[in-house]
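Visitor: Mind folding the following:
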Amino acid sequence: MAGSKKATMVATIMQRILNIFLLGLAAILMLFLGRETYHLALVLFVNNDESSSYMLIEGIVIYFLYFEFIALIVKYFASGYHFPLRYFVYIGITAIIRFIIVDHKSLDRYAALHRRYSGAGGDPLSCQRRTPET
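Guide: Now for the predicted structure:
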């Protein structure tokens with residue numbers, strides 16, 4: 001009985017520490033969200049460059065990443081200290097979309113590597129190296 005009381009007390013203390021750090025993380029994320037809102041407003045209303053639309057799209061996707069992390073923390077407290085799995089899926093999808101939009105030039109490199117190391121007409125996931133044809 002005494003062991004379970006200690007375990008419960010340790011779990012409670014660790015849960016409170018985790019909650020404090022998550023609240024701190026939420027505050028930091030909200031500051032970054034406010035800063036991103038300011039930068040989006042500058043890009044939208046001040047910049048008239050051709051690249052400003054690209055910067056606007058990148059900023060919007062980053063904005064949604066901050067928003068989803070804050071929503072995840074809110075759901076953590078609202079659902080009784082549990083992280084819903086679907087929010088991690090949403091964050092992952094948004095991060096992949098951001099990678100495609102922002103770093104699309106490196107996708108050519110990955111495609112070239114895939115073509116180089118995939119077998120000709122074989123399994124695209126195999127890592128056999130093609131021999132140069134003469």
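Visitor: Where does pLDDT dip in this structure?
Guide: For the chain, residues meeting the criterion pLDDT under 70 lie at 1-3, 50-51, 104-114, 118-134.
Visitor: need the contact list for the residue nearest the centre of the chain.
Guide: In the chain, the centroid-proximal residue (CA atoms, centre = their mean) is Ala95; its distance is 4.2 Å. Residues near Ala95 by CB atoms under 8 Å, 6 or more residues apart in numbering: Leu65. (Each C-beta comes from the backbone N, C-alpha and C, glycine too.)
Visitor: For it, what is the enclosing helix or strand?
Guide: Under the criterion of DSSP states H and E, Ala95 resides in helix 85-102.
Visitor: Tell me the buried residues in that helix?
Guide: Of the residues in helix 85-102, 87, 90-91, 94, 98 count as buried by neighbour count, 16 or more other CB atoms under 10 Å.
Visitor: tell me what the top helix by length along the chain is packed against?
Guide: In the chain, with assignment by DSSP state H, the single longest helix is helix 2-45. In this structure, helix 2-45 makes packing contacts with helix 52-78, judged by 3 or more CB pairs under 8 Å, 6 or more residues apart in numbering; DSSP states H and E.
Visitor: now the helix it packs on, how far from the chain's geometric center?
Guide: Counting by CA atoms, centre = their mean, to the nearest Å, helix 52-78 is centred 9 Å from the centre of its parent chain.
Visitor: tell me what it is packed against?
Guide: Where contact means 3+ CB pairs under 8 Å, 6+ apart, helix 52-78 is packed against helix 2-45, helix 85-102.
Visitor: Other residues contacting stretch 62-79?
Guide: 19, 22-23, 25-26, 29-30, 32-33, 36-37, 40, 82-84, 87-88, 90-91, 94-95, 98.
Visitor: Next one: Arg86 from Ile17, what distance?
Guide: Distance of Arg86 to Ile17, given as CB to CB, to the nearest Å: 26 Å.
Visitor: what's the answer for Val61, then?
Guide: For Val61, the distance to Ile17 - CB to CB - is 32 Å.
Visitor: okay, these two: which has more neighbours?
Guide: Per other CB atoms under 10 Å, whichever of Val61 and Ile17 has more neighbours is Val61, with 17 against 10.
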